[in-house]
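Asks: Just need the structure, nothing else, for what follows:
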Amino acid sequence: ESQMNYILGDGAGHSYVVGWGNDPPQRPHHRAASCPNPPAKCDWDNYQSPDPNPQVLNGALVGGPNQNDVWWDDRTNFQTNEVTDDYNAGFQTALAAVNQAFN
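Replies: Next up, the predicted model:
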């Protein structure tokens, strides 16, 4: 439960889940999320833009803090901001278990 609370924003001052909680990630390292709607061109300028991603991946867990518990919302830093299947699958499974336990 404490790990889920941490992921969702308790203690860190921000959430690691896109679209959830206090100060959630706005720039996950995810190709499709950083591209504008078609027919606009998607290129390295979109990737390197400091603006929030035009496509919002609500519910996606980003990589999280580094070994010093420091995290920054930077889409070019895949170590802390990448959205991947392995930890998102574990996160969604744990979230379902917590939901079932408390409901």
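
Asks: what helices or strands is the lengthiest helix in the chain leaning on?
Replies: Taking DSSP state H as the criterion, the chain has its longest helix at helix 85-102. Other elements packing on helix 85-102 under the criterion 3 or more C-beta pairs under 8 Å, 6 or more residues apart in numbering; DSSP states H and E are helix 2-7. The C-beta positions use only the backbone N, C-alpha and C, and glycine is treated the same way.

Asks: which residues are contacting the helix it packs on?
Replies: Contacts with helix 2-7, where a contact means C-beta atoms under 8 Å, 6 or more residues apart in numbering, come from 11, 12, 15, 16, 17, 61, 64, 91, 94, 95, 98.

Asks: Go through it and flag the buried ones.
Replies: For helix 2-7, the neighbour count (16 or more other C-beta atoms under 10 Å) marks 6, 7 as buried.

Asks: Output stretch 38-58 as PDB, nothing but the C-alphas.
Replies: Extracted C-alpha coordinates of stretch 38-58, given in PDB (Å, rounded to 0.1, in the frame of the first residue of the first chain):
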ATOM      1  CA  PRO A  38      -2.000  14.200 -38.000                       C
ATOM      2  CA  PRO A  39      -1.500  15.600 -40.500                       C
ATOM      3  CA  ALA A  40       1.100  17.600 -38.600                       C
ATOM      4  CA  LYS A  41       4.600  16.400 -38.800                       C
ATOM      5  CA  CYS A  42       6.200  14.500 -35.900                       C
ATOM      6  CA  ASP A  43      10.000  14.900 -35.700                       C
ATOM      7  CA  TRP A  44      12.900  15.600 -33.300                       C
ATOM      8  CA  ASP A  45      11.600  19.100 -32.600                       C
ATOM      9  CA  ASN A  46       8.500  17.500 -31.000                       C
ATOM     10  CA  TYR A  47      10.700  15.200 -29.000                       C
ATOM     11  CA  GLN A  48      13.000  18.000 -27.700                       C
ATOM     12  CA  SER A  49      10.100  20.400 -27.000                       C
ATOM     13  CA  PRO A  50       9.800  21.600 -23.400                       C
ATOM     14  CA  ASP A  51       6.000  21.700 -23.800                       C
ATOM     15  CA  PRO A  52       3.700  19.100 -22.400                       C
ATOM     16  CA  ASN A  53       2.900  16.100 -24.700                       C
ATOM     17  CA  PRO A  54       0.000  16.900 -27.000                       C
ATOM     18  CA  GLN A  55      -1.400  13.400 -26.400                       C
ATOM     19  CA  VAL A  56      -2.100  12.500 -22.800                       C
ATOM     20  CA  LEU A  57      -1.500   8.900 -21.600                       C
ATOM     21  CA  ASN A  58      -3.900   8.900 -18.700                       C
END
